[in-house]
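Colleague: Quick one: sequence and predicted model below, then my questions.
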Amino acid sequence: MRVVFLGPPGAGKGTQADAVSKDKKISHISSGNLLREAVESSTETGIKAKCYIEKGLLVPDQLVVEIIKDRIVKEDCKSGYILDGFPRTLSQAKVLDEMLKKLGNKLDLVIYFSVSEESVVLRLSGRRTCANCGANYHIRYVPSSKDGICDKCGGKLYQRADDKPETVLERLRVYHEQTEDLIAYYKKKGILKEISCDADIDAITKEVSDVINCTLQRKPLISRGVARVDSL
Ligand code: AP5
């Protein structure tokens, strides 16, 4: 199964992608993580991408597309993957369609994580990330057992530079301006499902899992539980 997780910064795409990838045994491809790794290793792409990420702007399409192109042909993507944070512009979406066509594939599903701006600001201001393994925590909603230390690997937790309040607002502005158009694009293709993400993490995981199972079995979805799920 090939699925895209679409939604504003802080909606919980990464959190849900981690859970689903473990449950369904499909790869989680996060464009943000791939870019941050490139920055960390000072690759040519990373050096070019750094200033855009720090300002909360989108990295130029060409750089992101190259990274994704290389990633989706890897062995672990054969049985499917979750694309988290890619595509983020119409032109990225069209390039992805072309890439998949050449590989004889197509997208099965796009999940749109809708969330209030209030939740976004609360979630991102409290997010802490492991400097070693990249695991995400939240000081209130998903605290680590030991303050400032990752439960999974013992690495140090830090606050992402782009999670500072002024950069979060800029990321939201960029999302409305450049990414929101993708909702209509995928709706028109008939593969978009919306999940309302103001609920707690486990309730959303259940809804995401139901949507994926229904798509795999090609069944219509009956909404239930806390999160609202609409077949658009
Ligand atoms: P990226 O890393 O993709 O950032 P983003 O899309 O802004 O998403 P986030 O990682 O901030 O949020 P999320 O939705 O994954 O939320 P999470 O699960 O972590 O991109 C960063 C930058 O890279 C971009 O600004 C851009 O510069 C560049 N970039 C990336 N892709 C690009 C592309 N395609 N094109 C161009 N540039 C690109 O959750 C957030 C917090 O909330 C966590 O602390 C979590 O524990 C908590 N949480 C999650 N769910 C809940 C819940 N239900 N209740 C309470 N807390 C919750």
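Modeller: Thanks, I have the structure now. In this text the structure is predicted, and so the values were computed from the model without any measurement. Residues are numbered from 1 along each chain as shown.

Colleague: For the residue lying farthest from the centre of the chain, give its distance to the ligand.
Modeller: The centre of the chain is farthest from one residue, residue 146, which by Cα atoms, centre = their mean lies 26.6 Å away. Here residue 146 is placed at a distance of 17 Å from the ligand (Cβ to the nearest ligand atom, to the nearest Å). C-beta: built from backbone N, CA, C; applies to glycine.

Colleague: any idea of the pLDDT on that residue?
Modeller: Looking at residue 146, its pLDDT is 97.

Colleague: Just list the residues touching residue 172, thanks.
Modeller: For residue 172, the contact set (Cβ atoms under 8 Å, 6 or more residues apart in numbering) comprises 8-9, 117, 120.

Colleague: In helices only, show me those residues.
Modeller: If you go by DSSP state H, the contacts of residue 172 have 117, 120 in helices.

Colleague: Which ChimeraX command selects the buried ones in the contacts of residue 172?
Modeller: Remark: buried members of the contacts of residue 172, expressed as a ChimeraX selection using 16 or more other Cβ atoms under 10 Å:
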select :8,9,120
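
Colleague: which of the contacts of residue 172 lies closest to residue 186?
Modeller: Residue 186 lies nearest to residue 8 out of those, by Cβ to Cβ, at 15.4 Å.

Colleague: Over to the closest one: give its phi and psi.
Modeller: Dihedral angles of residue 8 (phi, psi; degrees, to the nearest 10) stand at phi -70, psi 160.

Colleague: go on, the one 4 residues further on?
Modeller: Dihedral pair for residue 12: phi 110, psi 20, per degrees, to the nearest 10.

Colleague: same thing with residue 114?
Modeller: Note on residue 114: its backbone torsions stand at phi -90, psi 140 [degrees, to the nearest 10].

Colleague: Now do the contacts for it.
Modeller: Contacts of residue 114 by Cβ under 8 Å, 6+ apart are 7, 11, 194-197.

Colleague: if we can go back for a sec, out of the contacts of residue 172, what pair is the most spread apart?
Modeller: 9 and 117 (10.3 Å).

Colleague: got the contact list for the residue nearest the centre of the chain?
Modeller: Residue closest to the average C-alpha location in the chain (Cα atoms, centre = their mean): residue 84, at 2.9 Å. If a contact means Cβ under 8 Å, 6+ apart, then residue 84 has 5, 13-14, 17, 28-32 as its contacts.

Colleague: Among these, which are located in helices?
Modeller: Going by DSSP H, the helices hold 13-14, 17, 31-32 from the contacts of residue 84.

Colleague: any idea which of these is closest to the ligand?
Modeller: Distance ranking of the ones in helices among the contacts of residue 84 against the ligand, using Cβ to the nearest ligand atom, places residue 32 first at 1.9 Å.

Colleague: now residue 154, what's its secondary structure?
Modeller: Under DSSP: H, G, I helix; E, B strand; the rest coil, residue 154 falls in the coil class.

Colleague: Skipping adjacent residues, who's closest to it in space?
Modeller: Of all residues not flanking residue 154 in the chain, residue 132 sits nearest, at 7.7 Å (Cβ to Cβ, 6 or more residues apart in numbering).

Colleague: Rounded mean pLDDT for the biggest helix by length in the chain, please.
Modeller: Ranked by number of residues, the top helix in the chain under DSSP H is helix 201-217. The average pLDDT within helix 201-217 is 93.

Colleague: And stretch 157-170, by the same measure?
Modeller: For stretch 157-170, mean pLDDT rounds to 93.

Colleague: now it, how far from the centre of its chain.
Modeller: Here stretch 157-170 shows a centroid-to-chain-centroid distance of 16 Å under the convention Cα atoms, centre = their mean, to the nearest Å.
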